[in-house]
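**Q** Sharing a model that was predicted from the sequence below.
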Amino acid sequence: MKQAIQFNEGKLEKECWDLIDLRTSKALASNAFADINEATLAELLKRESLNVKEGDLFNAVLKWSEAECLRKEIEANAKNRRSAMGNLIYQIRFASMTAQEFSQFASQSDILSPEEIILFYHNICGVRVASDVWNMTERGAKVKVILRFRRFNKYKGGGFSLVVLFGGISEHTICVSFSKPVNFHGVRLLGCKGGEYDIKLDVFSQSVEGKFRSQRAGGGIAGFDVMLPAPIQVQANVVVQLKATITGPTVETIGVEGRKKVETNGITANFFNTPGVHSNVTTVQQGQIDEIIVSEI
């Protein structure tokens, strides 16, 4: 992000923000977050599309202010942390926290004055009090939910499967539709632990290419997420064809016993084999395209 801004790479900067919006909690927890400059933090706090609880965002800014104090070689006490935040603190939506969040994180931090604490408690309890300096609105992303539709019931190692997957280039296609409108973000592909893959993912008119390293996730299954530069809005019952062109080492496992329908959060994903494609690698029943990643609209 810093380099994208420094060299005026607008497209790369947008891709960075899209990824931060999608995985805000992971971005805030990264070691790099404490090293961002004040201008970048200001832009982040203004965003309506962050996917994080406001209390967690405040805690991350507290950690950033501590790092800022260290950079300025001053004691990281409450007064200096507040000073390090400057006007950035006014972009934290304290009024949209729950009473438990505010009590647990904000009011115990010694960052806010007694008058500010009373102001926010009034608003949290439903007594609306205006402010000329504080942002009292609710951040838009609180209603955004990221959903993962996992296709397979089981996974098999290559040595035990009837399907033999070779290193090199392979193409994987599948079709999917949804019972409700969604924003389509990307897919999770299976891989081998630590393996590096060159990937091209095509969805409608969008595509993304890049290098990805496979890691083990929940359940010990190795794989990696491939995300589009920007989400695609998909209307209900519209069939989306996905094509992943994969170059890399043989995968450790493939998915088997694939499901034609997967339901989560009241949305049903329906999977179909791609017409005209006769592949023994990825079908509804088996393959390397493990999960579909969307968000609710």
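**A** Perfect, I can see it now.

**Q** Need the mean per-residue confidence for the helix or strand where Ser295 lies.
**A** Using DSSP states H and E, Ser295 sits within strand 289-296. The predicted model gives strand 289-296 an average pLDDT of 92.

**Q** In the helix or strand Ser83 falls within, which residues are buried?
**A** Using DSSP H and E, Ser83 sits in helix 78-85. Residues 80-82, 84-85 are the ones in helix 78-85 that count as buried (16 or more other C-beta atoms under 10 Å). All C-beta spots, glycine's among them, are computed from the backbone N, C-alpha and C.

**Q** Run a quick neighbour tally on the closest residue to Asp198 other than its chain neighbours.
**A** The shortest distance from Asp198 to any non-neighbouring residue, by C-beta to C-beta, 6 or more residues apart in numbering, is to Thr247 (4.1 Å). Counted with other C-beta atoms under 10 Å, the neighbours of Thr247 add up to 14.

**Q** And the host helix or strand of Thr247, what does it pack against?
**A** Per DSSP H and E: Thr247 is located in strand 240-248. Counting contacts by 3 or more C-beta pairs under 8 Å, 6 or more residues apart in numbering; DSSP states H and E, strand 240-248 is packed against strand 168-178, strand 182-190, strand 196-203, strand 289-296.

**Q** Turn those into a markdown table, including distance to Cys69 and mean neighbour count.
**A** Below are those laid out as a markdown table (distance: least, C-beta to C-beta, whole Å; neighbours: other C-beta atoms under 10 Å):
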| stretch | distance to Cys69 | mean neighbour count |
| --- | --- | --- |
| strand 168-178 | 47 | 18 |
| strand 182-190 | 37 | 23 |
| strand 196-203 | 39 | 17 |
| strand 289-296 | 36 | 22 |
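
**Q** Tabulate these in a markdown table, adding columns for distance to Val262.
**A** Listed next are those as a markdown table, based on distance: least, C-beta to C-beta, whole Å:
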| stretch | distance to Val262 |
| --- | --- |
| strand 168-178 | 9 |
| strand 182-190 | 13 |
| strand 196-203 | 18 |
| strand 289-296 | 8 |
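
**Q** which stretch in the ones you listed has the least confidence?
**A** strand 168-178 (a mean of 89).

**Q** Now tabulate the buried residues of helix 78-85 in a markdown table and tack on distance to Asn37.
**A** Putting those into a markdown table (distance: C-beta to C-beta, whole Å) gives the following:
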| residue | distance to Asn37 |
| --- | --- |
| Asn80 | 18 |
| Arg81 | 17 |
| Arg82 | 19 |
| Ala84 | 12 |
| Met85 | 13 |
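
**Q** Assign the residue nearest to Met1 when sequence neighbours are not counted to helix, strand or coil.
**A** The shortest distance from Met1 to any residue other than its chain neighbours is 4.3 Å, reached at Cys16 (C-beta to C-beta, 6+ apart). Secondary structure state of Cys16, per DSSP: H, G, I helix; E, B strand; the rest coil, is helix.

**Q** So Cys16 versus Leu88, what's the distance?
**A** Separation of Cys16 from Leu88 (C-beta to C-beta, to the nearest Å) stands at 19 Å.

**Q** Now do the contacts for the residue nearest to Asp198.
**A** Each residue near Thr247 by C-beta atoms under 8 Å, 6 or more residues apart in numbering is listed here: 168-170, 197-199.

**Q** rewinding a little: which residues touch whichever helix or strand comes after the helix holding Ser83?
**A** The first helix or strand that comes after helix 78-85 along the chain, using DSSP H and E, is helix 99-101. Applying C-beta under 8 Å, 6+ apart, the external contacts of helix 99-101 come out as 53-55, 121, 124-125.
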